[in-house]
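Student: structure of the sequence below:
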Amino acid sequence: MWMLRGFSTFSGASGLTLNKSKSDIFFNGVPAGTISNILQVSGFHHGVLPFKYFGVPISSKKLTKLEGMKLIDKILARIRGWGARHLSYSGRLVLVQNYLWGGDADYKRAPNVNWVSCCLPKEEGGLGLKDAKVWNRALIGKYAWWLATKKDHLWVRWVSHVYMKGIEWSDYTAPSDSSWTWKKITHTLQAFKHAYVGNKWLDSDIPYTPQSGYDWLRTKHPKVNWRFLCWNSMNVPKTMFIFWAFMHRRLLTKDIMARMGFTADLTCDICANSNEDHAHLFYSCSYSVRCCSLLQQHLHITFSITDLVHWYSTSMLTGLQRRFIGACHVAMIYWIWMVRNEARVHSYVRRPEDVVNQILNDIHTRFLRLNLSVLHTKDLAWINSIHLT
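Tutor: Predicted structure coming up:
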């Protein structure tokens, strides 16, 4: 009865109501008559151990691989459902490692760009995804901060009394007969002790957050000089993604496909004058050269596409003009790749003039969505000088 009164009080305070039809009660060493009375008064079902949650057995011991597969199967079933909807590359960023590249949860081919690179911040050449293993350790790192700073926290007091028994958390090692969960936690705590000076996280008074722990745990890489060109607000996700793969030289041009055993024909499907590789397709193919020339005539600039990143970093034009021109060239890389795929699959090549007109109109439309009232007259005059058809 006290338990039911506690549930009633909680429901009155929180507004949350217990669903008795989905609730079980478990007994151990209780007489059958008492069990019957409790079930009749409470309305709960009589639960039987062991029980399952989301199809996974609830146990104090480490789950076996077979027991965990039911939960994995549920996740994969949801992923396959996403795949059936033909998500774009940018949409697949929410999926797991192999699915990002293969479109199938059971896909076995190695990904085009290694997972470590995908999990780097965008400014370091990645996609800004989180490494799940590192992120999990960062979440566990919250326990280290509690142990270091929250001596009156109920969990800290319980752990100190039951497990640590007066030993400092930074010097503590879990006994061999501890549960696997506690061993995993204490193993992670040992990694975090190097980030504390005394009991201060990173020798400061700033509180610990999982994001700060993640940044401390992960391996840092130099910032890439094309980050502002790729993640320009005038770009759209599909052009950003293709340009990102382009900068990593991991688009599946025919030379790469040949090394993977997918094709023996290396001839460029657009110009048919040379073998297709990254340098030819985007820099020296007559079609690409023509697209770049037409685009730059409209934009009143001249530079080699191989110098795009350097030009973007050093140009003396205004920030908006550089963003507009950069977005046009990022879109051009995307469209060259699309035209290449159309030529390969359908033996059809769009006119360079049509591609350039499509690029300029798309970027100009995005430009018009900006707050024109705060734009400098110099930028407006420059935009109006671009001939659109």
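
Student: from now on I want contacts and neighbour counts done on CA atoms only, so please keep to that.
Tutor: Noted.

Student: shaky segments in the stretch 151-300 of the chain?
Tutor: Within the stretch 151-300 of the chain, no range satisfies pLDDT under 70.

Student: what segments of it are helices?
Tutor: 154-159, 180-192, 210-217, 227-230, 237-247, 254-259, 278-279, 286-299 (DSSP state H, counting those that start in this stretch).

Student: dump those to CSV, plus distance to Ile383 and mean neighbour count.
Tutor: Output for the helices of the stretch 151-300 of the chain, formatted as CSV (distance: least, CA to CA, whole Å; neighbours: other CA atoms under 10 Å):
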stretch, distance to Ile383, mean neighbour count
helix 154-159, 61, 14
helix 180-192, 53, 17
helix 210-217, 41, 16
helix 227-230, 19, 20
helix 237-247, 21, 20
helix 254-259, 38, 16
helix 278-279, 31, 15
helix 286-299, 9, 19
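
Student: any idea which of these gets closest to Ile336?
Tutor: The minimum distance between Ile336 and the helices of the stretch 151-300 of the chain falls on helix 286-299, with 6.7 Å, by CA to CA.

Student: who does that closest one touch, helix- and strand-wise?
Tutor: Contacts defined by 3 or more CA pairs under 8 Å, 6 or more residues apart in numbering; DSSP states H and E place helix 286-299 against helix 319-346, helix 352-368.

Student: ranking those by burial, who's on top?
Tutor: With neighbours taken as mean count of other CA atoms under 10 Å, the helices and strands packed on helix 286-299 reach their highest mean count in helix 319-346, at a mean of 20.

Student: find the centremost residue of the chain, please.
Tutor: Leu129 (2.6 Å; CA atoms, centre = their mean).

Student: and that one, what does it touch?
Tutor: Counting by CA atoms under 8 Å, 6 or more residues apart in numbering, Leu129 makes contact with Leu93, Cys118, Cys119, Leu120, Pro121.

Student: buried stuff in stretch 193-205?
Tutor: Residues Lys193, Ala195, Tyr196, Asn199, Lys200, Trp201, Leu202 are the ones in stretch 193-205 that count as buried (16 or more other CA atoms under 10 Å).

Student: so what's the gap between it and the chain middle?
Tutor: Its chain's C-alpha centre and that of stretch 193-205 lie 29 Å apart, by CA atoms, centre = their mean, to the nearest Å.

Student: show the end-to-end separation of that stretch, please.
Tutor: Criterion CA to CA, to the nearest Å; first-to-last residue distance in stretch 193-205 is 16 Å.

Student: for the helices and strands packed on helix 286-299, which one sits closest to Ser23?
Tutor: Evaluated with CA to CA, those place helix 352-368 nearest to Ser23, the distance being 53.6 Å.

Student: show the subsequent helix or strand relative to the closest one.
Tutor: helix 377-384 (DSSP states H and E).

Student: go through that next one and flag the buried ones.
Tutor: For helix 377-384, by 16+ other CA under 10 Å, it's Asp379, Ile383.

Student: about what we covered before: what's the distance between the residue nearest to the centre of the chain and His248?
Tutor: In this view, Leu129 and His248 are 16 Å apart by CA to CA.

Student: which stretches in the stretch 1-150 of the chain count as helices?
Tutor: Going by DSSP H, counting those that start in this stretch, the stretch 1-150 of the chain shows helices at 2-14, 32-42, 65-83, 97-102, 115-118, 132-149.

Student: closest one to Thr263 among those?
Tutor: Taking CA to CA, helix 97-102 is the member of the helices of the stretch 1-150 of the chain nearest to Thr263, at 17.9 Å.

Student: who are the contact partners of the nearest residue to Glu124 once chain neighbours are set aside?
Tutor: Nearest in space to Glu124, with sequence neighbours left out and distances taken as CA to CA, 6 or more residues apart in numbering, is Lys223 at 4.3 Å. Going by CA under 8 Å, 6+ apart, Lys223 touches Glu123, Glu124, Gly125.

Student: next one: Lys223 relative to Cys119, how far apart?
Tutor: Taking CA to CA as the measure, Lys223 falls 14 Å from Cys119.

Student: redo the helices and strands packed on helix 286-299 as a markdown table? Include distance to Gly141 and mean pLDDT.
Tutor: Converted to a markdown table, the helices and strands packed on helix 286-299 look like this (distance: least, CA to CA, whole Å; pLDDT from 0 to 100):
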| stretch | distance to Gly141 | mean pLDDT |
| --- | --- | --- |
| helix 319-346 | 40 | 95 |
| helix 352-368 | 43 | 93 |
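
Student: closest to Pro237 out of the ones you listed?
Tutor: helix 319-346 (10.6 Å).

Student: run the chain-centre distance for that closest one.
Tutor: For helix 319-346, the distance to the chain centre is 24 Å (CA atoms, centre = their mean).

Student: report the angle between that helix and helix 286-299.
Tutor: On the basis of axes from the mean of the first three to the mean of the last three CA atoms, to 10 degrees, helix 319-346 is oriented at 150 degrees to helix 286-299.

Student: for helix 319-346, which helices and strands make contact with it?
Tutor: In terms of contacts (3+ CA pairs under 8 Å, 6+ apart), helix 319-346 is packed against helix 227-230, helix 237-247, helix 286-299, helix 352-368, helix 377-384.

Student: want to try TSV for those, with distance to Thr149 as columns?
Tutor: Formatted as TSV, the helices and strands packed on helix 319-346 follow (distance: least, CA to CA, whole Å):
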stretch	distance to Thr149
helix 227-230	38
helix 237-247	42
helix 286-299	59
helix 352-368	50
helix 377-384	54
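
Student: perfect, that will be all.
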